[in-house]
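Colleague: fold the stuff below for me.
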Amino acid sequence: MTQDTLFGATPNPPASTPKPRGRFLGPHPYGWTHPSGWRGAVAQYCRQCRAPILIGLDQDQAAIQVTVTATPLTALGEALHQLAGTPTYTLARHGRHGIKLTRRRADNITQQPAGSPRIDVLPAHQCQPPPLPPEARTARQVAPPQTDIDRNTPRPSEKGITAMTSNLEQAAANLLNTINNPTPPPRLPAPTHREAALDEFGVRFAHHEDRHIEAATVHAILEVAEQLRLANLFTLAASSFPDADAIGADYEEATAAATRALFNYRIERGSRFGHEGPGDDEVVADLRPDVAATLGAEFLAKQDLR
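Modeller: Residues are numbered from 1 along each chain as shown. This is a model prediction of the structure:
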C-alpha cells in the first residue's frame, strides 16, 4: 500500500480551470491617444487575455474607474450587451490627443445611438465575452488627427530608409545642378545693335560662346550701318540746295523727310499773362528716341522700347 492510499490522496487530481491564453490582437485601435488630465482614458492591453482595452473614469462627478474593450459596437451589439447586463460606454474625444469614457444610460442611448458620428460605443471588458454576430461590431468613428502619427505605425524598414535617402540625394543633386547651371532668363530685345552686341559678349550667356561671338559681330556691323544711315540723314537735313526751279527737282521735300526721320516737333505755347503781354508760341525739335539711343544721347525708356 502506498503512502497516497494511506492518506486518501487522489492518484490523478482534477486539472484546474485553464487560464485564457495570452494572444496579441494586433495594434491598439486607440494607440494614438495620450493621457489627457484626470478625465482622460488610457489605452492598454489586458494582462489576462491581451485584448486591447481602455481604462478611465466613467463620468465627471462621483465617477468610478472602468475598463472597456476597445471594440466599437453597433446598435445591435449594444442591445445584446444591455440585455446580457453588460454596461456600455460612450467614447469621445477629450482635447487634441485624448479620449474619455461616459457611462451610457437610457437618455444617452436615445440621444446618441450607436453609430453616431464622432463617438464610439464600447462594452465593459470581459476576458471571455459571449459570442456576437459580425453585425454587432463596426469600425471606429473616433479617429486620430490627420497630422498625427499613430504610435502603433510600424517603423520604416531599412530598405525604405535607403530608398528615402536615395530620393533625397537625387533631389539635392538636381537642386545643385539647377544652381550651377541656371536656365538663362528670357532676353528683352536690345534697343540698339550696340547694346545687343554687348549683350551677346556678356558673361550672362556663357553657353555656346562661338554662336554668341558671331551674333555680336553681326550686331556690331549693323550698328555701324545704323550710324552711317543717321549721318547721311543729318547731312541731308542740313544741306542747302540751289533753286529748285533751276534744276527741276523738289529738294525741299527731301530735306523735310530727312528732318522728320530725325526729329519730333512739338509746340510750346507762350504764356498768356506777362509784363509784356502774351508770349509767342515756340516750335521745339527733339531727337527721336531711337535716334538718341543710337547716338548715345539717352537710353530708350521701357515704354518706347515696347
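
Colleague: three-state assignment of the nearest residue to residue 84 once chain neighbours are set aside?
Modeller: Distance criterion Cβ to Cβ, 6 or more residues apart in numbering; nearest residue to residue 84, sequence neighbours excluded, is residue 130 at 6.5 Å. Every C-beta, even on glycine, is put in place using the N, C-alpha and C of the backbone. Secondary structure, DSSP: H, G, I helix; E, B strand; the rest coil: residue 130 is coil.

Colleague: how many residues are close by residue 29?
Modeller: The tally of other residues near residue 29 (other Cβ atoms under 10 Å) stands at 22.

Colleague: ditto for residue 95
Modeller: Counted with other Cβ under 10 Å, the neighbours of residue 95 add up to 13.

Colleague: what's the answer for the one 4 residues further on, then?
Modeller: Burial of residue 99, expressed as a neighbour count using other Cβ under 10 Å, amounts to 24.

Colleague: and it, what does it touch?
Modeller: Neighbour list for residue 99: 30, 33, 36, 40-41, 54, 56, 91-93, 142 [criterion: Cβ atoms under 8 Å, 6 or more residues apart in numbering].

Colleague: in helices only, show me those.
Modeller: Counting by DSSP state H, these place none of their members in helices.

Colleague: least confident pick among these?
Modeller: On pLDDT alone, residue 36 ranks lowest of those, at 79.

Colleague: how does this structure divide into domains?
Modeller: Annotated domains of the chain cover 42-136, 193-305 [automatic domain parsing].

Colleague: all strands for the stretch 1-150 of the chain, in order.
Modeller: Under the criterion DSSP state E, counting those that start in this stretch, strands of the stretch 1-150 of the chain are mapped to 42-45, 52-57, 65-69, 88-94, 98-103, 120-123.

Colleague: same list, these, but as a markdown table with distance to residue 167 please.
Modeller: Below are those laid out as a markdown table (distance: least, Cβ to Cβ, whole Å):
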| stretch | distance to residue 167 |
| --- | --- |
| strand 42-45 | 34 |
| strand 52-57 | 35 |
| strand 65-69 | 42 |
| strand 88-94 | 36 |
| strand 98-103 | 36 |
| strand 120-123 | 38 |
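
Colleague: tell me which of the ones you listed sits most buried.
Modeller: strand 120-123 (a mean of 27; mean count of other Cβ atoms under 10 Å).

Colleague: who does that one touch, helix- and strand-wise?
Modeller: strand 65-69, helix 75-83, strand 88-94 (3 or more Cβ pairs under 8 Å, 6 or more residues apart in numbering; DSSP states H and E).
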